[in-house]
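> Take this sequence and fold it.
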Amino acid sequence: MQQLWRALSYFRADWPRVLAGLALLALTTLAGLLKPWPLALIVDSVLGHNPFPESVGRQIGGLPLPTQLALLVGAMVALHLGSALLGAAQNAVVIVTGLRGLSRVRRAVFDWLLRLSLRRLQGAQAGDLIYRATWDTYAFQTLFTQGVFTFLGALASVIAMTVVMWRLNGLLTLVALATVPLLLLVMQAFGGRMGRRAGEAQSADAGIATTVQQLVTNLQLIQSFTREAKEAEHFERQSQNSFAARWGQHRAEVLYLSTVSAVFALGTAAIIWFGSKQVISGSLSIGQLLVFLAYLTQLYDPLNQLSHVGSTVTNARAGTHRVLELLQEGSTMKDGNRSVVRGVDTGLEFDRVAFGYTKERPVLHEVSFRVGAGEAVALIGPSGAGKTTLLQFIPRFLDPDGGTVRLGGTDLREFSLHSLRENVALVLQEPLLLPTSIAENIGYGRPNATRAQIEAAARAANAHSYIENLPQGYDTVVGDGAARLSVGEKQRLNLARAFLKDAPILLLDEPTSALDAESEALVLVSLRELMRGRTTVMVAHRLGTLRTVNRIISLQDGRVAESGTAEELLASAGYYAKVSGGQ
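Next up is the predicted model:
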């Protein structure tokens with residue numbers, strides 16, 4: 001129940017629409033109560049010989065039969081049309097409210113993803129997260145429109161029909177209601193099974209989404225190692241798992257709905273049996289039996305809806321649970337409230353920093369070093385030494401498990417994430433470009449930048465000349481994966497983005513490792529200009545890149561092994577000397 005209330009809280013802001021929907025629901029129910037009566041009056045009083053009820057007789061009792069028939073048929077049409085219009089208005093209000101709630105849920109999930117830490121992301125499957133954000137969120141709309149509102153509408157109809165039917169004929173009403181305990185038993189028997197099957201089906205579908213996402217991401221790797229057949233087999237297994245899970249879910253639903261239909265059929269047969277006997281005995285008119293059968297349909301329809309609500313809510317709960325499971329995690333990165341003041345000390349200090357992605361596999365062990373304001377420091381070391389992890393502490397993509405990272409003497413965790421990251425520019429080994437124009441990619445970190453500022457940043461990054469030769473220049477749209485550009489061209493766009501951001505702290509993660517000699521030379525010229533006056537921390541191994549820094553720190557086994565200038569480390573004959581000798 002707590003999960004249900006939490007899911008419905010996303011619709012609280014639309015309470016005026018909810019009230020409007022409830023009002024329309026009440027009017028629709030009232031129209032449904034009136035719909036059968038014109039037909040009953042036609043059968044009993046126009047075609048038959050029973051007198052009109054006093055209230056109706058005063059209005060049309062003295063009119064000719066054709067006129068009476070025309071008025072009653074007109075009333076029948078008006079009631080059915082009015083009921084349809086009220087129902088359409090109610091559905092429109094409910095659907096709009098459901099879609100607005102769905103938008104809020106998706107925004108909440110997207111905001112959660114935006115605050116996601118690298119540690120949490122590395123422990124998740126991207127396809128599963130995408131499935132939860134896009135498809136599982138639909139469960140909130142389903143829960144509201146086909147769950148809560150269907151339940152309220154059906155419940156109101158059942159209560160209203162029961163009261164009216166009881167006043168018409170108590171015995172037949174008891175016969176009709178005898179089906180309710182049977183329905184409750186059926187819902188109890190099938191509810192748990194359908195819930196389990198729904199959860200299994202959604203997890204299996206998420207597995208397919210993950211498999212497809214991995215295929216798209218790693219297509220070049222798969223094709224280069226001719227693993228297409230193996231991946232097709234893997235997808236077929238995932239597809240079969242999804243088929244089995246979905247078939248199990250639908251099989252349970254079909255059996256459930258068939259059992260419900262059988263219960264309703266028994267109830268209808270019993271009503272016709274007892275009602276016909278009362279008509280034969282003269283205690284019930286044909287018109288009254290027709291009205292009762294019409295009410296029976298309007299009673300069983302909402303009862304049928306209530307039975308469907310059980311399976312609908314069960315399926316929706318599986319989706320809402322998967323979404324709320326994410327949102328309940330909250331953000332693993334606690335936000336501070338201090339702002340980074342530009343122009344103040346931008347020196348960095350790592351004080352006894354320790355970290356591990358899991359407790360069993362620590363990556364860093366009490367690492368300590370300082371980077372002075374405006375100083376450029378390179379981190380080197382074998383793979384797995386923790387170089388990139390140290391880099392990720394500075395914009396707080398990760399937080400250390402132990403120790404402290406300080407900026408200008410202040411613990412990074414005291415700064416707001418937004419303020420801290422505004423003052424950090426990041427250039428990665430794998431250039432990251434969005435499927436937008438060249439100008440939008442360069443200006444991504446500074447949305448209000450003018451075209452002149454964007455072009456100036458591109459010139460500083462030695463990118464302007466090749467951009468000008470593109471079909472639409474700075475307005476050329478970069479495709480997914482930036483397939484139109486070489487690696488060196490992509491990297492220079494990344495550098496242009498960093499130039500334009502003009503942040504006082506610069507982080508570089510192997511910025512030249514994937515470049516050829518010509519591209520590296522161009523990038524190094526830009527790097528030297530970009531690093532000037534900025535506090536720079538760089539992960540690098542190429543000698544040309546390392547020559548741009550003031551000091552080199554060598555890491556081994558998660559600890560600082562040596563630190564000093566290039567000349568000092570060459571003299572110590574340590575890791576740097578070996579790397580230099582190999583190049």
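
> where does the stretch 101-250 of the chain have low pLDDT?
Under the criterion of pLDDT under 70, the regions of the stretch 101-250 of the chain flagged as low confidence span 119-126, 191, 195, 217, 220-221, 224-225.

> tell me how far the ends of stretch 546-560 are from each other?
Using C-alpha to C-alpha, to the nearest Å, one end of stretch 546-560 lies 17 Å from the other.

> Show me what that stretch is in contact with.
Where contact means C-beta atoms under 8 Å, 6 or more residues apart in numbering, the residues beyond stretch 546-560 that reach it are 362-369, 375-382, 385-387, 390, 524, 527-528, 531, 536, 538, 540, 561-566, 569, 574-576. In short, each C-beta sits where N, CA and C put it, glycine included.

> Buried ones among these?
The neighbour-count test (16 or more other C-beta atoms under 10 Å) applied to the contacts of stretch 546-560 identifies 362-365, 367, 369, 375-381, 385-387, 390, 524, 527, 531, 536, 538, 540, 561-564, 566, 569, 574-576 as buried.

> Farthest from the middle of the protein: give me that residue.
When each C-alpha in the chain is compared with the mean C-alpha position (C-alpha atoms, centre = their mean), G62 comes out farthest, at 65.8 Å.

> Output the longest helix belonging to this structure.
Selection of the longest helix in the chain by residue count, based on DSSP state H, yields helix 228-281.

> picking up where we left off before, the residue farthest from the centre of the chain in helix, strand or coil?
Three-state secondary structure (criterion: DSSP: H, G, I helix; E, B strand; the rest coil) places G62 in coil.

> so how far is L47 from it?
Here the distance between G62 and L47 works out to 18 Å (C-beta to C-beta, to the nearest Å).

> again with T548
According to C-beta to C-beta, T548 and L47 sit 101 Å apart.

> Over to T320?
The span separating T320 from L47 equals 53 Å under the rule C-beta to C-beta.

> Neighbour count for these two, which is higher?
T320 (26 against 13; other C-beta atoms under 10 Å).

> which ones are touching that one?
Shown here is T320, whose contacts under the criterion C-beta under 8 Å, 6+ apart are Q3, A7, D136, A139, F140, L143.

> buried residues in stretch 355-363?
By neighbour count on 16+ other C-beta under 10 Å, the buried set for stretch 355-363 is F355, G356, P362, V363.

> Could you do stretch 269-285 as well?
Residues of stretch 269-285 classed as buried under the neighbour-count rule (16+ other C-beta under 10 Å) are I271, F274, G275, Q278, L284, S285.

> would a markdown table of those with pLDDT be doable?
Formatted as a markdown table, these follow (pLDDT from 0 to 100):
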| residue | pLDDT |
| --- | --- |
| I271 | 83 |
| F274 | 85 |
| G275 | 82 |
| Q278 | 85 |
| L284 | 76 |
| S285 | 75 |
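
> now the strands for this protein?
In the chain, the segments counted as strands under DSSP state E are 348-358, 361-371, 376-380, 402-407, 410-411, 424-427, 505-509, 535-539, 551-556, 559-564.

> Just send the ones you listed back as JSON lines, with mean pLDDT and distance to A198 too.
Listed next are those as JSON lines, based on pLDDT from 0 to 100; distance: least, C-beta to C-beta, whole Å:
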{"stretch": "strand 348-358", "mean pLDDT": "90", "distance to A198": "32"}
{"stretch": "strand 361-371", "mean pLDDT": "90", "distance to A198": "36"}
{"stretch": "strand 376-380", "mean pLDDT": "92", "distance to A198": "49"}
{"stretch": "strand 402-407", "mean pLDDT": "93", "distance to A198": "43"}
{"stretch": "strand 410-411", "mean pLDDT": "92", "distance to A198": "46"}
{"stretch": "strand 424-427", "mean pLDDT": "89", "distance to A198": "42"}
{"stretch": "strand 505-509", "mean pLDDT": "91", "distance to A198": "43"}
{"stretch": "strand 535-539", "mean pLDDT": "92", "distance to A198": "46"}
{"stretch": "strand 551-556", "mean pLDDT": "91", "distance to A198": "49"}
{"stretch": "strand 559-564", "mean pLDDT": "90", "distance to A198": "50"}
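
> any chance of the ones you listed in TSV, plus distance to T179?
Shown next, in TSV, are the strands of the chain (distance: least, C-beta to C-beta, whole Å):
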stretch	distance to T179
strand 348-358	56
strand 361-371	61
strand 376-380	74
strand 402-407	65
strand 410-411	67
strand 424-427	66
strand 505-509	68
strand 535-539	71
strand 551-556	74
strand 559-564	75
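
> Quick one: closest of the ones you listed to D14.
Closest to D14 of the strands of the chain, according to C-beta to C-beta: strand 424-427, at 39.6 Å.

> roughly how far out does that closest one sit from the chain middle?
28 Å (C-alpha atoms, centre = their mean, to the nearest Å).

> Packing partners of it?
Secondary structure elements in contact with strand 424-427, counted by 3 or more C-beta pairs under 8 Å, 6 or more residues apart in numbering; DSSP states H and E, are helix 487-501, strand 505-509.

> and the longest one, what other elements does it pack with?
Based on contacts counted as 3+ C-beta pairs under 8 Å, 6+ apart, the elements that helix 487-501 packs against are strand 424-427, helix 438-442, helix 451-460, helix 517-531.

> And the shortest one, by the same measure?
Here strand 505-509 touches helix 387-393, strand 424-427, helix 517-531, strand 535-539, going by 3+ C-beta pairs under 8 Å, 6+ apart.

> and the gap between the residue nearest in space to the middle of the chain and A108?
Nearest to the mean C-alpha position of the chain, by C-alpha atoms, centre = their mean, lies A133 at 1.6 Å. For A133, the distance to A108 equals 10 Å [C-beta to C-beta].

> And L24, by the same measure?
Relative to A108, L24 is positioned 28 Å away (criterion: C-beta to C-beta).

> cool, P53 as well?
As for P53, its distance to A108 is 56 Å (criterion: C-beta to C-beta).

> now do V405
Distance, V405 to A108, using C-beta to C-beta: 30 Å.

> domain ranges for the chain?
In the domain annotation for the chain, the residue ranges read 2-327, 348-582 (automatic domain parsing).

> would you list the ones you listed in JSON lines and tack on distance to M333?
Output for those, formatted as JSON lines (distance: least, C-beta to C-beta, whole Å):
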{"stretch": "domain 2-327", "distance to M333": "5"}
{"stretch": "domain 348-582", "distance to M333": "6"}
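
> Let me know which of these is the nearest to D335.
Each of the domains of the chain has some distance to D335 by C-beta to C-beta; the shortest is domain 348-582, at 5.4 Å.

> from the middle of its chain, how far away would that closest one be?
Computed by C-alpha atoms, centre = their mean, the separation of domain 348-582 from the middle of its chain amounts to 31 Å.

> sorry, back to before: which residues touch the residue nearest to the centre of the chain?
A133 is in contact with R106, V109, F110, L113, counting by C-beta under 8 Å, 6+ apart.
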